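In: predicted model and sequence follow; I will ask about them next.
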Amino acid sequence: MGRKVFISFMGTSDYVPVNYVFEGKRIDNVKYIQEAMMRLFCSDWTENDTAYIFLTEAAKARNWDPKEDNEKFSQRIPKLREGGLKMQIQEITETPEGFDSEQVWELFEMVFSCLEKDDEVIFDITHSFRSIPMLGMILMNYAKVLKGVKIQGVYYGAFEKLGIAKNVLKMPEHDRNAPIISLNDFVKLQEWTGAINEFDKFGSSQSLAKLMKQEVKTIKKESIDDAKQIQLLANQLNKLSAALSTCRGQDIISTMDYEGLNNCLSSNRDHDFISQLHPLLQKIEKKIEPFTNKSWTNGLAAVSWCLDHEMIQQAATFLMETIQTLVIENTFGNENITNFHYRECASCAFFEINRGREADVPRSIPEDFDFDGVVDKMKEFIQKYPNLAKEYSKLVGGKGLRNDINHCGFSDPSRSAHTIKEQVKQIYENVVNVF
């Protein structure tokens, strides 16, 4: 577990004491937003945790360096200690003004260098440059990738709600209530957008499921049904993603509960997500729309999914096995699609149609198995769709696509990556057109 870190920028104004308010909690009569946020969010932090206060030369002179007649922030630190605050508080001086891109990048590097692996960060964007909110969000994402940093909160002290400083000074102290605004929903939306984009573009549900599990932890005990639905959705998406990446055809065609998955998504529409998440969740619904419970067509949906996500080897495998499954289901029923002997017979039926001669009986076929009868019945079905056998032949055999892929191109001749991708796609489209 990393440190807890508070990052803030001191401004150059002559601040007026106000009462900062956050979710019903008040920090009365404080001049510096940094003090209010530390008392609100960092009161249980330890000596291992740190606040970094970034100071330009002007900010240091006006609001940090001790003055006898006007208490500055450094003079508040001993009082914060007396109040129980244990964290380290470090001033970071010579912070650039940020008036050009070179200085902005210098500032970016200064903040980034303060962060350590797995830090959990609270970011105060109240003061300093207008570029700070954008710089902060981008920097935190950068640090998340390179140092595993986690954003625990982004906050803004809205002093300006009270008006200009000279008018605030005329207000009674008990009326000077300035809200602290949480921008955490923006952080959350950014994380969900990234995770759903990852699922949409690459078919991976890992980040999405991780966020769902985090969401479950925030749900109150009285909403236990909501928590169960989100957990179930996370598990179902993970199962689908794993089944596709590892070619689990039986799961894809027979055992995945797509209706349940859709129900989960529908149920989660009513969950108290931020509203901007709903269109993103609809993208997931759209993505799984081609799948239905217990249908061989799920195999073709799996091929389409794999092609969309550059999973070409999986696409070729799903394509070949789905064609076999189609033949078995339509001749000997869904209950036999996992029967090894029937799958061998399907392969032999295609062989006999494409080669025009009888296939050898596979050694694994038992003597009491009606090999010829099963193969003939399958051939009868296949011949109703003349192009099906032709497309199947492109996938199998020594020079077939699947062999080329599974032997990693160590064959002569071997296809280029581009050719393999285009050929798998073309076979898929031709098979779809057969029906």
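Out: Arrived safely.

In: mind listing residues that contact stretch 78-91?
Out: Residues from elsewhere that reach stretch 78-91, judged by CB atoms under 8 Å, 6 or more residues apart in numbering: 4, 6, 35, 38-39, 42-43, 45-47, 49-53, 55, 60, 64, 74, 77. C-beta here means a position set from N, CA and C on the backbone, and glycine is covered the same way.

In: just the buried ones from these?
Out: 4, 6, 35, 38-39, 42, 45, 49-53, 55, 60, 64, 74, 77 (16 or more other CB atoms under 10 Å).

In: from those residues, which ones fall inside helices?
Out: Using DSSP state H, the subset of those located in helices is 35, 38-39, 60, 74, 77.

In: can I get those in CSV with pLDDT and distance to Asn354?
Out: As requested, these are arranged in CSV below (pLDDT from 0 to 100; distance: CB to CB, whole Å):
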residue, pLDDT, distance to Asn354
Glu35, 96, 80
Met38, 97, 76
Arg39, 97, 78
Lys60, 94, 82
Ser74, 94, 85
Ile77, 95, 83
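
In: from those, pick the one nearest Ile328.
Out: Ile328 has its nearest neighbour among these in Met38, at 67.9 Å by CB to CB.

In: and that closest one, what does it touch?
Out: Residues near Met38 by CB under 8 Å, 6+ apart: 6, 51, 80, 85, 87, 89.

In: hang on, His418 in a helix?
Out: Yes. The assignment for His418 by DSSP: H, G, I helix; E, B strand; the rest coil puts it in a helix.

In: report the separation between it and Lys425.
Out: Counting by CB to CB, to the nearest Å, the gap from His418 to Lys425 is 11 Å.

In: more neighbours: which of these two?
Out: Between His418 and Lys425, counted using other CB atoms under 10 Å, Lys425 has the larger neighbour count: 16 against 8.

In: check what pLDDT that one gets.
Out: pLDDT for Lys425: 96.

In: just give me the neighbour total for the residue lying closest to it once chain neighbours are set aside.
Out: Setting aside the residues directly before and after it, Lys425 is nearest to Leu307 in space (CB to CB, 6 or more residues apart in numbering), at 5.7 Å. Neighbour count of Leu307, defined by other CB under 10 Å: 20.

In: correct me, but Leu307 touches Val424?
Out: Yes. Leu307 is within contact range of Val424, at 6.9 Å (criterion: CB atoms under 8 Å).

In: any residues in contact with both of the two?
Out: Overlap of the contact sets of Leu307 and Val424 (by CB under 8 Å, 6+ apart) consists of Ala315.

In: how about the strands in the stretch 151-300 of the chain?
Out: Applying DSSP state E, counting those that start in this stretch to the stretch 151-300 of the chain gives strands spanning 177-182.

In: regarding Ile427, what is its secondary structure?
Out: Ile427 falls in the helix class when you classify it by three-state DSSP.

In: so who does it touch?
Out: For Ile427, the contacting residues are 319, 391, 394-395, 401, by CB under 8 Å, 6+ apart.

In: so the closest residue to Val216 other than its chain neighbours versus Glu285, what's the distance?
Out: Using CB to CB, 6+ apart and skipping the chain neighbours, the partner closest in space to Val216 is Ala227 (4.7 Å). Noted for Ala227: a distance of 21 Å to Glu285, by CB to CB.
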